[in-house]
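Q: this one's sequence-less:
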């Protein structure tokens, strides 16, 4: 690290959490040590605010969070969410996107600030509900949708490369497409990403890019890790993320996020003890 770190942007799934969605005590304790050391920890996640609420509470995060891959930034309280900045998707184009994705068997669902919607039940929907500990609202279409849509998630992309390529080709000018794991493709408005949202947040907070660390594992963390003053890849992360990072920590199964946070704290303290030249 070239500069002391004052803010850590922390991914959630397969970074903060284990592959089976457990929050290890070592990670909770490391976040508490960061707060004690005056290092702000900000969740930067593909999850919706309500799917982050319990995790944020367990970690003791009281400040802003970046959700829905950067489409929503705000504060998550026990009984409510307070959005500071949002980037909703164009409704007409989103309806067209969902229609094509459904016809191609990509199993799309979509997210508002407070809820997520699925077209039908099924094991892929159940997988997402289990992962996020939230239940979808079964909805036949976007017709009559009163709430802005911030993200579309395609749940089945393993064996449908041609269908996904066609979807990207038809909507590339409207939306941003990024994988969050081998199964999931996240779709937001064009220009939306974790990196853009964290950069805007740090500007509002008066934190320079060089004083930001980012910890993540997947393609949707890639731009943020490249942008941050200190980019950290999880040991279980994709090879592209590891190549882009300044450093690779342990895997999520071994509390790699905690090791990264403690490494940052130690480096900050070492820098503070070093005499100025």
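A: Sure thing, it's come through. All of these numbers come straight from a predicted model, not from anything done at the bench. Numbers count the residues shown, from 1 in each chain.
Q: give me the nearest residue to the spatially most central residue of the chain, chain neighbours excluded.
A: Nearest residue to the geometric centre of the chain (C-alpha atoms, centre = their mean): residue 45, 1.7 Å. Nearest non-adjacent residue to residue 45, counting by C-beta to C-beta, 6 or more residues apart in numbering: residue 12, 4.1 Å away. The way it works is simple: take the backbone N, C-alpha and C, and place the C-beta from them, glycine included.
Q: mind listing the helices in the protein by residue range?
A: 25-36, 49-59, 91-103, 123-132, 161-171, 194-205, 222-227, 239-244, 256-273 (DSSP state H).
Q: helix 25-36 and the second one, what's the angle between them?
A: This means helix 49-59. Put simply, helix 49-59 runs at 80 degrees to helix 25-36, going by axes from the mean of the first three to the mean of the last three C-alpha atoms, to 10 degrees.
Q: next, the buried residues of helix 49-59.
A: Within helix 49-59, the residues scored as buried using 16 or more other C-beta atoms under 10 Å are 49, 50, 51, 52, 53, 55, 56, 59.
Q: hmm, who's touching that helix?
A: 12, 16-17, 23, 27-28, 31, 41, 43, 45, 47, 65, 67-68, 72, 74, 76, 78, 81, 113-115, 132-134 (C-beta atoms under 8 Å, 6 or more residues apart in numbering).
Q: got the contact list for the residue nearest to the centre of the chain?
A: Residue 45 neighbours (C-beta under 8 Å, 6+ apart): 11, 12, 13, 52, 65, 66, 67, 69.
Q: got the phi/psi numbers for it?
A: Here is the backbone geometry of residue 45 (degrees, to the nearest 10): phi -140, psi 160.
Q: hang on, residue 120 packs against residue 137?
A: No: taking contacts as C-beta atoms under 8 Å, residue 120 lies outside contact range of residue 137: 11.8 Å.
Q: ok, the two, which is more surrounded?
A: residue 120 (13 against 10; other C-beta atoms under 10 Å).
Q: now the more buried one, what are its backbone angles?
A: When quoted as degrees, to the nearest 10, the phi and psi of residue 120 stand at phi -160, psi 170.
Q: any idea how far it is from residue 141?
A: 12 Å (C-beta to C-beta, to the nearest Å).
Q: ok, now residue 108?
A: Residue 108 is 11 Å from residue 141, by C-beta to C-beta.
Q: on that earlier part again, out of the contacts of helix 49-59, which are buried?
A: With burial judged by 16+ other C-beta under 10 Å, the buried subset of those is 12, 16-17, 23, 27-28, 31, 41, 43, 45, 47, 65, 67-68, 72, 74, 76, 81, 113, 132, 134.
Q: with adjacent residues omitted, what lies nearest to residue 199?
A: residue 227 (6.6 Å).
Q: where does pLDDT dip in the chain?
A: Residues of the chain meeting the criterion pLDDT under 70: 1, 157-161, 275-277.
Q: and if we set it to 90?
A: 1-3, 77-81, 121, 140-146, 156-164, 179-184, 273-277 (pLDDT under 90).
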